[in-house]
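# Give me a model of this one.
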Amino acid sequence: MNWSSNQNNLTDFLFKNGVDIILGNSSQILGSMEKRTITMDDGTIKDGFVIYSLGNFMTSQNSIILNLKITKHVDNNKITIDNIDYIPLYLQQDNSLNAKKFKLLDMKKLIADYDLAFNSGETPSISVTFYNNLKAQLQNIDTNLKQK
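Down below sits the predicted model:
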């Protein structure tokens, strides 16, 4: 879906009309996400998941890889959304070859590697400034994506 955040009426309409998962995009920045239990008109219930915006790998510094664990139940032909997780990514411009190249960096891994090196007395592979920047951006991502 191409839309703005929190269009609850449209989200509810889509869920009640057969949609199970909505992957949104619009604003180029990450939007919130939520898993819902939907009561259908006939009284049955089903799982639904929406993320209002996945971000953008090319125009914003922060994006995610979304991981959903979905189970299809053969007895009732329904799905359940069993796990929701994401990998926060940072888009870094690489000027080392004087070319406009970009790298997608796993923010949590870089932060963990820095902490491990620092705590063991080794020189971290990234600067303290970049480390602090990543930590702040990761906090923003986690806040923006907070499930309802």
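
# quick one, helices of the protein?
With DSSP state H as the criterion, the chain has helices at 8-16, 107-119, 128-144.

# mind giving me CSV with these and columns for distance to residue 2 and mean pLDDT?
Every residue, glycine included, has its C-beta placed from N, CA and C. Formatted as CSV, the helices of the chain follow (distance: least, CB to CB, whole Å; pLDDT from 0 to 100):
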stretch, distance to residue 2, mean pLDDT
helix 8-16, 12, 86
helix 107-119, 26, 96
helix 128-144, 18, 91
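
# Tell me the helices and strands packed up against the worst-scoring helix or strand of the chain on mean pLDDT.
Sorted by mean pLDDT, DSSP states H and E, the helices and strands of the chain end with strand 101-106, the least confident at a mean of 84. Counting by 3 or more CB pairs under 8 Å, 6 or more residues apart in numbering; DSSP states H and E, the packing neighbours recorded for strand 101-106 are strand 78-94.

# Which secondary structure elements does the strand it packs on sit against?
If contacts are counted by 3+ CB pairs under 8 Å, 6+ apart, strand 78-94 sits against strand 33-39, strand 45-51, strand 62-73, strand 101-106, helix 107-119, helix 128-144.

# buried sites along the first one?
Right, the one you point to is strand 33-39. 33, 34, 35, 36, 38 (16 or more other CB atoms under 10 Å).
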